[in-house]
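Enquirer: Just to be clear, the model below is a prediction. Sequence and coordinates:
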Amino acid sequence: KIMKSYELTYLISSNISEDEAKIVQEKVNTLVQEQGGTPKKQEIAKETTKIKLGYPIEKENIAYLISLYFDIEPEKIIIIKQALKEEPSILRHLILNEKPIRKTKKKIRKILTAPTKESEKSKKNKVELKEIEKKLDEILK
């Protein structure tokens, strides 16, 4: 089956202790593993220290920020989302699909060359506006 890479970032309530926050974190890790996910890496903001939120979430201004990177089948994400909603100590969560980084092609600059004989001929063949006006005057008279 096809496994895709995901990033799960969630905020844990600051009303609980650091030890309880680590227990919630372990619950989330085991949830992902029970669904067949393979964790890649985990990032905790400043070793489970509290961060100040930009605006209050559920009347809280401080929370623990945790990010988890893992591979899992896309169908299992729905189950993980539902379990995260049911966990009372998780204030918010966000699951992002990690897209592989594409290598961009290098742009090749065009080198300017000296004018060729053909381009010089085309310049000579161009007729000036005054000459056209003279010919029109002759025809109309």
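Expert: The structure has been received and is ready for your questions.

Enquirer: use CA for all of it now, contacts and neighbours both
Expert: Noted.

Enquirer: helices or strands next to the longest helix anywhere in the chain in the packing?
Expert: As assigned by DSSP state H, the longest helix anywhere in the chain is helix 18-34. Secondary-structure packing of helix 18-34 (3 or more C-alpha pairs under 8 Å, 6 or more residues apart in numbering; DSSP states H and E): strand 38-44, helix 77-86.

Enquirer: Could you dump those into CSV with mean pLDDT added?
Expert: CSV is the format used below for the helices and strands packed on helix 18-34 (pLDDT from 0 to 100):
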stretch, mean pLDDT
strand 38-44, 71
helix 77-86, 94
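
Enquirer: mind giving me a markdown table with those and columns for mean neighbour count and distance to residue 70?
Expert: Formatted as a markdown table, those follow (neighbours: other C-alpha atoms under 10 Å; distance: least, C-alpha to C-alpha, whole Å):
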| stretch | mean neighbour count | distance to residue 70 |
| --- | --- | --- |
| strand 38-44 | 14 | 4 |
| helix 77-86 | 13 | 11 |
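
Enquirer: got a markdown table for those, with distance to residue 67 too?
Expert: Below are these laid out as a markdown table (distance: least, C-alpha to C-alpha, whole Å):
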| stretch | distance to residue 67 |
| --- | --- |
| strand 38-44 | 5 |
| helix 77-86 | 13 |
